[in-house]
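Student: this one's structure only:
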């Protein structure tokens, strides 16, 4: 009998990746996997217990809980990826320019980042959302506007280390422009750590977005979103606690999946170096 021994990092990455892949498949094929319309109201079936027709029961409006969870997967992953994409679209150029240019430009950028980092990110996002008003678009803008600072600082630190290496000096001696050096030589070398960082942060973003929706600042009812489902079920926590249990478990599972994936990739990246 052959036994395959995988490093702990690889096992964590495989376990997390499997969980993430399952949720991605659920999100993509939500219309085919959901047993019913997540917005369809059936008042005669409100707060029904799990059955063949409604595998996880129904909520206070008679909507299928399982269908809302399945469609909520698509919504949560979609919002999280948008936030992550916008954050890195801002932080990568800022971090590259600050770390490579140095001098007064670097000091100016870092002082701006220091001021923004002086406030807790979630509190600042709450303030921005409060000014813009509740809604998923405004919430995405608030998170993107606040969270890029920490990533820009991390990327700047990586750039400061790489730009002093011999191959960068060789590229300068060969006549490469500053843009070519930043894109071809520096960005390609920081791409892997950035991907690892991104995989570790998706779970945090999903958790934060669900929390804001729970507070009524993100997705709005009747949208099938996990935070909205938690908010809707607060009144029924004693009579129908399953309404809060199911979305809570789903959020926990997807966050654990992304954290395991990110941790496994981080360990694998550390072994490569």
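Tutor: Alright, I've got the coordinates. Everything quoted here is computed from the prediction, not taken from an experiment. Numbers count the residues shown, from 1 in each chain.
Student: Show me what the top helix by length along the chain is packed up against.
Tutor: Longest helix of the chain, by residue count under DSSP state H: helix 65-101. Helix 65-101 makes packing contacts with helix 8-28, helix 30-33, helix 103-117, helix 136-162, helix 188-214, helix 226-232, helix 242-272 when contacts are defined by 3 or more C-beta pairs under 8 Å, 6 or more residues apart in numbering; DSSP states H and E. C-beta here means a position set from N, CA and C on the backbone, and glycine is covered the same way.
Student: and stretch 101-114, how far from the chain's centre?
Tutor: 27 Å (C-alpha atoms, centre = their mean, to the nearest Å).
Student: Pull out the buried residues from it.
Tutor: 106, 109-110, 113 (16 or more other C-beta atoms under 10 Å).
Student: Mean neighbour count, the helices and strands packed on helix 65-101: which tops it?
Tutor: With neighbours defined as mean count of other C-beta atoms under 10 Å, these peak in mean count at helix 226-232, which reaches a mean of 24.
Student: Quick check: which helices or strands does that one pack against?
Tutor: Using 3+ C-beta pairs under 8 Å, 6+ apart, helix 226-232 is in contact with helix 65-101, helix 188-214, helix 242-272.
Student: Out of the ones you listed, which gets nearest to residue 49?
Tutor: Nearest of those to residue 49, taken as C-beta to C-beta: helix 242-272 at 8.5 Å.
Student: what separates the residue positioned nearest the centre of the chain from residue 156, distance-wise?
Tutor: The residue lying closest to the centre of the chain (C-alpha atoms, centre = their mean) is residue 202, at 2.4 Å. Using C-beta to C-beta, to the nearest Å, we find residue 202 at a distance of 22 Å from residue 156.
Student: do residue 143 as well
Tutor: Taking C-beta to C-beta, one finds residue 143 at 21 Å from residue 156.
Student: Likewise for residue 239?
Tutor: Distance from residue 239 to residue 156, by C-beta to C-beta: 52 Å.
Student: Next up, the contacts around the residue lying closest to residue 139 once chain neighbours are set aside.
Tutor: Setting aside the residues directly before and after it, residue 139 is nearest to residue 218 in space (C-beta to C-beta, 6 or more residues apart in numbering), at 4.5 Å. Shown in contact with residue 218 (C-beta atoms under 8 Å, 6 or more residues apart in numbering): 79, 134-136, 139, 209-210, 212, 225, 227-228.
Student: Residue 135: neighbouring residues, count only.
Tutor: 14 (other C-beta atoms under 10 Å).
Student: Please read the previous query as pertaining to residue 70.
Tutor: Residue 70, neighbours per other C-beta under 10 Å, totals 22.
Student: what do you get for residue 48?
Tutor: Residue 48 has 18 nearby residues by other C-beta under 10 Å.
Student: Make 52 the first number, not 1, from now on.
Tutor: Let's use 52 as the start, then, which means that last one is residue 99.
Student: Retrieve the pLDDT associated with it.
Tutor: For residue 99, the model assigns a pLDDT of 90.
Student: For it, give me phi and psi.
Tutor: Dihedral pair for residue 99: phi -70, psi 150, per degrees, to the nearest 10.
Student: still on that earlier bit, make a markdown table out of the contacts of residue 269 and add pLDDT.
Tutor: Shown next, in a markdown table, are the contacts of residue 269 (pLDDT from 0 to 100):
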| residue | pLDDT |
| --- | --- |
| 130 | 89 |
| 185 | 83 |
| 186 | 83 |
| 187 | 83 |
| 190 | 86 |
| 260 | 88 |
| 261 | 90 |
| 263 | 88 |
| 276 | 91 |
| 278 | 91 |
| 279 | 92 |
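Student: Nearest to residue 223 among those residues?
Tutor: For these, the nearest to residue 223 is residue 130 (41.8 Å; C-beta to C-beta).
Student: and the gap between the closest residue to that closest one other than its chain neighbours and residue 313?
Tutor: In this structure, residue 130 finds its nearest non-sequential neighbour in residue 260, 5.4 Å apart by C-beta to C-beta, 6+ apart. From residue 260 across to residue 313, the span is 17 Å (C-beta to C-beta).
Student: and residue 269, that one's in a strand?
Tutor: No: secondary structure of residue 269 (DSSP: H, G, I helix; E, B strand; the rest coil): coil, not part of a strand.
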